[in-house]
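J.: Give the three-dimensional model of this entry:
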Amino acid sequence: MTYSNFIIGSGLLMLAAGFGIPMMANLNAGLGTKLGNPLSAVVVLTGVTFLTSSLVLIASGGVGDFPNIAQFKAIPKQYFLGGVLFVFYISSITWAAPKIGLGNAIFIVLLGQLSSAVVIDHFGLFGAIKSTITPKRALGLFVMAVGLYLAQKDV
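T.: This is a model prediction of the structure:
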């Protein structure tokens with residue numbers, strides 16, 4: 001696979017993930033409403049997530065590569081914060097989407113993602129590839145933020 005094919009494939013994968021996130025948020029918000037408790041929906045979603053990811057791991061033959069206890073202990077603890085942030089995101093969107101609308105909730109999440117991504121990339125946090133904030137990049141992010149606002153704003 002060539003580098004450009006890899007970039008195109010990665011881009012399409014991220015586009016598909018982007019399509020899936022609002023669907024997941026809306027479905028889980030609906031589940032929370034039907035169950036009468038957003039946190040119950042989060043528990044159901046994370047249970048389904050655990051089962052699905054376990055099946056994918058088994059199907060991919062990656063079970064033999066799964067880390068043992070000693071390997072887990074050697075991993076810096078901050079890398080496990082992703083699980084906590086996942087639950088925070090799912091809980092927040094499951095609670096907020098039925099109250100402020102899915103589009104508004106996702107709009108605000110996207111603004112947070114853009115802001116966080118810029119800081120993480122600029123400082124190379126958590127092992128990220130460093131990408132300095134330049135005036136051109138800052139302008140691009142500002143235009144994206146304005147675009148998100150205009151796409152969501154009622155006329």
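J.: Quick check: what element follows the strand or helix carrying residue 73 along the chain?
T.: Using DSSP states H and E, residue 73 maps to helix 69-74. Note on helix 69-74: by DSSP H and E, the next helix or strand toward the C-terminus is helix 81-100.
J.: relative to helix 81-100, how tilted is the helix or strand following that following helix?
T.: Using DSSP H and E, the helix or strand that follows helix 81-100 towards the C-terminus is helix 102-123. Put simply, helix 102-123 runs at 150 degrees to helix 81-100, going by axes from the mean of the first three to the mean of the last three Cα atoms, to 10 degrees.
J.: Just the residues contacting helix 102-123, thanks.
T.: Helix 102-123 has contacts (Cβ atoms under 8 Å, 6 or more residues apart in numbering) with 21-22, 25-26, 29, 89, 93, 96-97, 125-126, 128-133, 137-138, 141, 144-145, 148-149, 151-152. For glycine as for every other residue, the C-beta is placed from the backbone atoms N, C-alpha and C.
J.: Inside helices: which ones of these?
T.: Of the contacts of helix 102-123, the ones assigned to helices by DSSP state H are 21-22, 25-26, 29, 89, 93, 96-97, 137-138, 141, 144-145, 148-149, 151-152.
J.: Buried ones from those, can you make that a ChimeraX selection?
T.: Of these, the buried ones can be selected in ChimeraX as follows, counting by 16 or more other Cβ atoms under 10 Å:
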select :22,25,26,29,89,93,96,97,141,148
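J.: So, low pLDDT: which residues of the protein?
T.: 154-155 (pLDDT under 70).
J.: mind redoing it with 80?
T.: 1, 152-155 (pLDDT under 80).
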